[in-house]
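Trainee: using only what follows, build the 3D model:
(one chain, ligands or ions: 1)
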Amino acid sequence: MPEDEPALKHFIESVTKEDLYYRYFSDINEFTHDDLANMTQIDYDREMAFVAVRCEEIIGVTRSMSDPDNTDAEFAVLVRSDLKRLGLGCQLLEKMIAYALAHGMHRLMGITMPNNRGMITLAQRLDFDIDVQIKDGIVNLILPLYTNGRQLAVCNVIRIQHLTSKHTHNLGN
Ligand SMILES: CC(C)(COP(=O)(O)OP(=O)(O)OC[C@H]1O[C@@H](n2cnc3c(N)ncnc32)[C@H](O)[C@@H]1OP(=O)(O)O)[C@@H](O)C(=O)NCCC(=O)NCCS
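Mentor: The predicted structure is shown next:
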């Protein structure tokens with residue numbers, strides 16, 4: 001929501017340039033007010049964002065954007081740099097997987113760089129297929145949620161039950 005803008009700005013300022021590069025695939029110096037406004041105003045027909053919050057501060061964000069049919073969605077995730085490797089990225093992504101499953105999506109996909117060990121390890125842990133495109137210098141992360149009309153990734157739905165809702169909340173609430 002628009003009132004989340006200051007917290008989002010503060011969060012991004014707490015992320016290293018390297019982590020911002022991994023997230024946005026380019027050097028980020030500063031986000032403008034318009035950039036931040038776009039990030040907090042979500043078109044819920046096709047977009048979703050979940051944030052992790054501690055003491056009123058945003059400490060992690062995951063977002064997704066689906067195709068017009070709401071069949072495939074592309075996600076991204078970013079955790080505050082000093083709070084990495086504590087399980088936050090995993091929890092956020094599990095939340096997004098549960099959301100995608102609940103909305104009948106068929107695939108959740110992400111793109112990262114081949115040297116992004118953290119994201120690739122996290123994706124492997126959550127059973128994503130890892131498709132390295134050496135020529136393009138990218139890694140596609142693909143989680144099939146439906147095959148032959150059957151919903152998959154049930155283990156992810158079970159894992160989501162371990163989430164404590166006070167740690168994450170919908171950006172739109
Ligand atoms: C990728 C990112 C979201 C991971 O978040 P995180 O909170 O650090 O990840 P988690 O603590 O949930 O770790 C999940 C698993 O990955 C492993 N892992 C995380 N970072 C790792 C690293 N740098 N090297 C090796 N393993 C790593 C963890 O050990 C954990 O596995 P385990 O539970 O079996 O030990 C975080 O590093 C980040 O924000 N990076 C910058 C932005 C980015 O790259 N976004 C991805 C773009 S799609």
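Trainee: mind listing what the residue of the chain found nearest the ligand touches?
Mentor: Among all residues of the chain, G89 sits closest to the ligand, at 2.2 Å; criterion: Cβ to the nearest ligand atom. In short, each C-beta sits where N, CA and C put it, glycine included. Counting by Cβ atoms under 8 Å, 6 or more residues apart in numbering, G89 touches 60, 77, 79, 118-119, 122.
Trainee: now swap in Q133 and tell me
Mentor: With Cβ under 8 Å, 6+ apart, Q133 has these contacts: 139-140.
Trainee: from the contacts of G89, which land in helices?
Mentor: Using DSSP state H, 118-119, 122 are the members of the contacts of G89 that sit in helices.
Trainee: just the buried members of those residues?
Mentor: 119, 122 (16 or more other Cβ atoms under 10 Å).
Trainee: and the strands in the chain?
Mentor: Applying DSSP state E to the chain gives strands spanning 47-54, 57-66, 72-79, 107-112, 129-133, 138-144, 146-147, 150-151, 168-170.
Trainee: CSV for these, including mean pLDDT and distance to N38?
Mentor: Shown next, in CSV, are the strands of the chain (pLDDT from 0 to 100; distance: least, Cβ to Cβ, whole Å):
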stretch, mean pLDDT, distance to N38
strand 47-54, 96, 10
strand 57-66, 97, 11
strand 72-79, 98, 14
strand 107-112, 98, 20
strand 129-133, 97, 28
strand 138-144, 97, 24
strand 146-147, 80, 30
strand 150-151, 74, 32
strand 168-170, 45, 18
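Trainee: distance of E5 from A73?
Mentor: 24 Å (Cβ to Cβ, to the nearest Å).
Trainee: of the two, who's got more company?
Mentor: More neighbours surround A73 than the other of E5 and A73, with 25 against 16 (other Cβ atoms under 10 Å).
Trainee: show me what contacts the spatially most distant residue from the centre of the chain?
Mentor: In the chain, N148 marks the outermost C-alpha relative to the chain mean, sitting 26.2 Å out by Cα atoms, centre = their mean. By Cβ under 8 Å, 6+ apart, the contact list for N148 is empty.
Trainee: got a pLDDT number for it?
Mentor: On the pLDDT scale, N148 is placed at 73.
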